[in-house]
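Need coordinates for the following:
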Amino acid sequence: MSPRDYENPIRNQQKRTALLVVLVVILVFAVILMLKVLEAKEDAIIIGDAQNKVVQEEESGLIRYGGKWYKQNPDLTTLLLIGTDSLVSGEDGKANQADFLLLVAMDYDHNNYKALQINRDTIADVPQFDMYGRVFGSKKQQIALAYSHTDSDVRNCNNTVKAVSNLLYGIDIDHFISVAMDSVAIANDMVSGVPVYVEDDFSNIDPSIKQGETVTLSGEQALHFVRARSGMEEPTNIARMQRQRTYMTSLHERAIQKANQDKDFIMRSLLELSSHFISDCRINQMTRMFDVALAQNHS
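The predicted structure follows:
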């Protein structure tokens, strides 16, 4: 009896779940510049002039912008993707921070999603903890620091979710996925390198990444490409965010090619990447997210 004879729905579900693991890493470095989280409240009364000032009404969950009231679309599922220094908090005595933040809004009814990449240097109301691990208030600080307040990755994820919600006027965020940034090197080498056109000068970071050339990045080069800031000619996080978007576009294409060429690519990816992220999503929820992302990719 051939291996094909053993195919069954459980095996197919395992393959779908494995592919999702690859998708999660890919999504972490995705770039889609808009977030459709709010829809107009048709029966709301428009008050005052059309000033572009945001006003939050916490009890009702409404937000006023441009003279109109908005509410969060209840039909969308929101997911916060968090890229951290490493998966283990407090490694070598240094607290982790959220180097990468991407809020994804998924519309299951229409099989599409949109996302907002959030600058780690954005100042937000970040919940603070006392010595007993209880929240006692909030402090305006870099949103990246929301991940550094406890010794629990799950609690740090939830704290980051709350900080992002505070930043975006109290919107509900349904789920989180936290991915160690080091997994970029693993994902990069799984697709046999990722080609990118290098616009920035990396001579102080990695001379092998030559400005003005298309370079197929190795794992270590990929980490430098998406993480480097200090020592760059333009050492801003905005410049780094642009490189992350460039890298993601090429990584996505390479991953699709690899999956089409190698039937075992998905299962190997599961084994290599499964220990590099944590999430509050159940398998069926992650599978549904995968279905939406796949449908949009093929549209």
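
Could you list the low-pLDDT ranges of the stretch 151-299 of the chain?
Scanning the stretch 151-299 of the chain for pLDDT under 70 picks out the ranges 266-267, 270, 287, 290-291, 293-299.

what are the ranges of the helices in it?
153-167, 183-190, 219-227, 237-261, 265-273, 283-297 (DSSP state H, counting those that start in this stretch).

How far away from the center of its chain is the second one?
In terms of Cα atoms, centre = their mean, to the nearest Å, the centre of helix 183-190 is found 16 Å from the chain centre.

Name the residues that touch it?
Helix 183-190 is contacted by residues 22, 25-26, 29, 194, 217-220, 222-223, 226-227, 251, 255, 258, 265, 268-269, 272-273, 276-277 when judged by Cβ atoms under 8 Å, 6 or more residues apart in numbering. Every residue, glycine included, has its C-beta placed from N, CA and C.

follow-up on the earlier one: could I get the helices of the stretch 151-299 of the chain as a markdown table with distance to A105 and mean neighbour count?
Shown next, in a markdown table, are the helices of the stretch 151-299 of the chain (distance: least, Cβ to Cβ, whole Å; neighbours: other Cβ atoms under 10 Å):
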| stretch | distance to A105 | mean neighbour count |
| --- | --- | --- |
| helix 153-167 | 12 | 21 |
| helix 183-190 | 24 | 22 |
| helix 219-227 | 23 | 21 |
| helix 237-261 | 18 | 17 |
| helix 265-273 | 24 | 17 |
| helix 283-297 | 10 | 16 |
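
which one of the ones you listed lies closest to D200?
Judged by Cβ to Cβ, the one of the helices of the stretch 151-299 of the chain that comes nearest to D200 is helix 237-261, at 6.9 Å.

for that closest one, packing partners?
Contact partners of helix 237-261 among helices and strands, from 3 or more Cβ pairs under 8 Å, 6 or more residues apart in numbering; DSSP states H and E: helix 9-28, strand 112-118, helix 183-190, strand 194-197, helix 219-227, helix 265-273.

try 6 Å this time
When contacts are defined as 3 or more Cβ pairs under 6 Å, 6 or more residues apart in numbering; DSSP states H and E, helix 237-261 packs onto helix 9-28, strand 194-197, helix 219-227.

Give me the buried positions along the shortest one.
Under the neighbour-count criterion of 16 or more other Cβ atoms under 10 Å, strand 194-197 has V194, V196 buried.

Find out how far it is from the centre of the chain, if you would.
21 Å.

Could you export that strand as PDB, CA atoms only?
Output in PDB follows, covering the C-alpha atoms of strand 194-197 (Å, rounded to 0.1, in the frame of the first residue of the first chain):
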ATOM      1  CA  VAL A 194      15.500  35.900  -0.200                       C
ATOM      2  CA  PRO A 195      16.500  38.400  -2.900                       C
ATOM      3  CA  VAL A 196      16.200  42.100  -2.200                       C
ATOM      4  CA  TYR A 197      17.300  45.300  -3.800                       C
END
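
Quick check: F265 touching Q257?
No - with contact defined as Cβ atoms under 6 Å, F265 does not reach Q257; the gap is 9.8 Å.

Chain neighbours aside, what residue packs nearest to the residue nearest the centre of the chain?
When Cα atoms, centre = their mean is applied to the chain, the residue found nearest the centroid is L81 (2.9 Å). Closest residue to L81 apart from its sequence neighbours, by Cβ to Cβ, 6 or more residues apart in numbering: L102 at 4.3 Å.
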